[in-house]
Structure formats: structure tokens, C-alpha cells
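Engineer: Okay, here's the prediction I keep looking at, along with the sequence it came from:
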Amino acid sequence: MYLPQFYQAETYVAGRLAMMEQLTMNPPEDLNKDIDALEKKLGIAYAKLQRKAIETAFFQDVLILTGGPGTGKTTTLNGIITLLEQRGFKVALAAPTGRAAKRMSEVTGREAKTIHRLLEVDFQDESGKINLSATRRTPSPLTQWWWMRCPWWTSSCLNR
């Protein structure tokens with residue numbers, strides 16, 4: 001048994017993500033130099049996949065960063081955030097729950113909000129659609145990957 005609304009929302013999200021994955025931008029020419037400088041500053045050496053994830057954040061519209069505990073997700077996320085901010089991007093951190101947002105703030109040293117608060121979601125619309133405030137859009141929202149927990153919400157976010 002599969003609810004039609006879930007199927008439609010998940011199919012839409014999968015299609016949008018596939019489309020976004022195909023769109024690429026030219027990464028900054030000095031990106032590798034900047035990653036090297038960040039490694040030196042932090043006294044670390046990114047693993048091959050961490051470095052690839054950081055590079056991907058600069059030339060693709062979507063990046064899914066996964067891994068178990070202790071695999072370097074936080075280190076990679078902090079690298080992405082630092083390099084985006086160095087280039088003048090405004091970065092907003094968001095998580096699905098207050099507890100997750102608090103943890104994200106703790107590990108990044110930056111403010112994180114719930115996705116609902118970041119986007120100022122209006123659930124009062126009688127149409128059943130989720131309305132996102134046009135006044136709170138941010139160029140580079142970094143969110144915990146939770147889309148399939150709420151495909152309708154994700155569909156609304158991507159349908160813009």
C-alpha cells in the first residue's frame with residue numbers, strides 16, 4: 001500500500017533532485033588553493049571524499065552529505081561553510097528539529113534554526129499547501145538531509 005500523495009511528492013522530489021544534479025557551474029579557479037589553505041589553517045588534511053564533497057558544493061546545485069558517526073561530516077560541513085563565507089555567500093544552517101538545530105549550532109559554532117523557522121513556514125493556508133515567506137530566502141541554505149521524512153514539505157520547497 002502506498003498513498004498517492006506520497007508517491008506524487010516523492011516522484012516530484014526525485015525528479016527535481018535529478019535535474020538539479022545535472023546542472024553544474026564552473027568552480028572557482030582558486031578553489032583547490034583555498035582548500036589547501038584551509039587545511040593548513042586548521043591543521044588537518046581532508047580525506048579524498050571530504051575534499052570531493054567540498055568541491056562538489058561549489059559546482060553543483062545539490063549535495064547530499066551522508067555517513068555514519070565519526071566519518072567527517074561535521075569537518076566537511078565546516079569546510080564548506082567557511083569557504084562559502086570567504087566568497088561572500090550568506091549561509092543559513094537548518095535542521096528538521098530544534099534539537100538537531102541546537103546540535104548543528106554546537107558543532108559548527110554558527111546559528112542554526114529549524115527549517116520551519118528559517119523559511120517562516122505558514123501552515124494556516126486552508127488550501128493545504130505550505131507557504132514559504134518570500135522575505136526570508138537565503139542563497140545557500142544548508143540543511144540536514146531529511147527530505148524523505150516529509151515529501152510534501154520537500155516538494156513545496158523545491159516547487160519555487
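Structural biologist: Here it is on my side, so go on.
Engineer: Name the SS class of A100, please.
Structural biologist: helix (DSSP: H, G, I helix; E, B strand; the rest coil).
Engineer: number of nearby residues for it?
Structural biologist: As a burial measure, A100 scores 17 neighbours (other Cβ atoms under 10 Å). To be clear about C-beta, it is placed using only N, CA and C from the backbone, and glycine gets the same treatment.
Engineer: V62 too?
Structural biologist: Neighbour count for V62, taken as other Cβ under 10 Å: 16.
Engineer: Surely it and M20 touch.
Structural biologist: Yes - V62 is in contact with M20 according to Cβ atoms under 8 Å; the separation is 4.3 Å.
Engineer: Using PDB, list the CA coordinates for stretch 63-80.
Structural biologist: Coordinates of each C-alpha in stretch 63-80 appear next as PDB, following Å, rounded to 0.1, in the frame of the first residue of the first chain:
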ATOM      1  CA  LEU A  63      24.900  18.000  -2.400                       C
ATOM      2  CA  ILE A  64      23.900  15.100  -0.200                       C
ATOM      3  CA  LEU A  65      26.500  14.500   2.500                       C
ATOM      4  CA  THR A  66      26.000  11.200   4.400                       C
ATOM      5  CA  GLY A  67      28.000   9.000   6.600                       C
ATOM      6  CA  GLY A  68      28.000   7.300  10.000                       C
ATOM      7  CA  PRO A  69      29.300   8.700  13.200                       C
ATOM      8  CA  GLY A  70      32.900   9.800  13.100                       C
ATOM      9  CA  THR A  71      33.200   9.800   9.300                       C
ATOM     10  CA  GLY A  72      34.000  13.500   9.000                       C
ATOM     11  CA  LYS A  73      30.600  15.000   8.000                       C
ATOM     12  CA  THR A  74      31.000  17.900  10.500                       C
ATOM     13  CA  THR A  75      34.500  18.600   9.400                       C
ATOM     14  CA  THR A  76      33.400  18.600   5.800                       C
ATOM     15  CA  LEU A  77      30.400  20.800   6.600                       C
ATOM     16  CA  ASN A  78      32.500  23.300   8.400                       C
ATOM     17  CA  GLY A  79      34.900  23.400   5.400                       C
ATOM     18  CA  ILE A  80      32.100  24.100   3.000                       C
END
